[in-house]
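# Take a look and give me a structure for this.
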Amino acid sequence: MSDFRQDFLRFALEQDVLRFGEFVTKAGRLSPYFFNAGLFNNGASTLALARFYARSILESGVEFDMLFGPAYKGIVLASATAMMLAEAGRNVPFAYNRKEAKDHGEGGTLVGAPLAGRVLIIDDVISAGTSVRESVRLIEQAGATPAGVAIALDRMEKGTGSQSAVQEVRQQYGLPVVPIASLADLLALLQDDAQFRQYLAPVQAYRDRYGVAD
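Model (predicted):
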């Protein structure tokens, strides 16, 4: 496992973005951990998060020409990640959408650079896949090509069927999904670090019950 993935998970723990306890998921499951990327809510933590996104994207080898951030969380993620990619020597344009169409000025729902070429979608997680579907639709309507989806954490658990939401996106759209870290990475951290080993058994039991193979 790349060190930066463990670094990201430790950072998420320090920021209280990743927590252990008992949490009810949208699917009604009792999860022993919770990840809320919305808690990266200040300049320093967002800057660090964007650096992790940029590194993950560059190391993945996915080919892209620009970034797209679905409203609302994706707006900050796409813009901040574009800045960190530029810092790393890869300057690319970015765009995002509004939930409501603007009826004055330039109008429409899209803001930023025109959607063109291979467009990489930046979001926090994939749960139901709704924002991915909407993003793919907007990108294709503009005549551009979806290139993949970058997310913070892949929970690697079943959705409504036997596949995870990430696997469904990969299968339905044929797109690579690039997570900064995954549940497998979290389990490796819990195994390796005595400070967090007390959480290993419940997280492993949750994966045994609801998890999917990558």
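
# Report the strands that pair with the lowest-mean-pLDDT helix or strand in the chain, each with its relative direction.
Sorted by mean pLDDT, DSSP states H and E, the helices and strands of the chain end with strand 94-102, the least confident at a mean of 81. Strand pairing for strand 94-102, determined by DSSP bridges: strand 66-69 (parallel), strand 108-112 (antiparallel).

# residue boundaries of the strands in this structure?
Assigned by DSSP state E, the strands in the chain fall at 18-24, 30-35, 66-69, 94-102, 108-112, 118-122, 145-154, 177-182.

# Which of those strands has the lowest mean pLDDT?
For those, the weakest mean pLDDT is recorded on strand 94-102, namely a mean of 81.

# Which residues in it does the neighbour count mark as buried?
Going by neighbour count (16 or more other CB atoms under 10 Å), the buried part of strand 94-102 is 94-97. For the C-beta atoms, the positions are set from N, CA and C on the backbone; glycine is no exception.

# any low-confidence regions in the protein?
1-2, 101-107, 128, 214 (pLDDT under 70).

# Quick check: which helices or strands does the helix with the most length in it pack against?
The helix spanning the most residues in the chain, taking DSSP state H as the definition, is helix 43-60. With contacts taken as 3 or more CB pairs under 8 Å, 6 or more residues apart in numbering; DSSP states H and E, helix 43-60 sits against helix 3-14, helix 73-87, strand 145-154, strand 177-182.

# any idea how far stretch 161-176 is from the chain center?
14 Å (CA atoms, centre = their mean, to the nearest Å).

# next one: stretch 37-52
13 Å.

# Name the residues of that stretch that come out as buried.
Taking 16+ other CB under 10 Å as the criterion, stretch 37-52 shows 37, 40, 45-46, 48-52 as buried.
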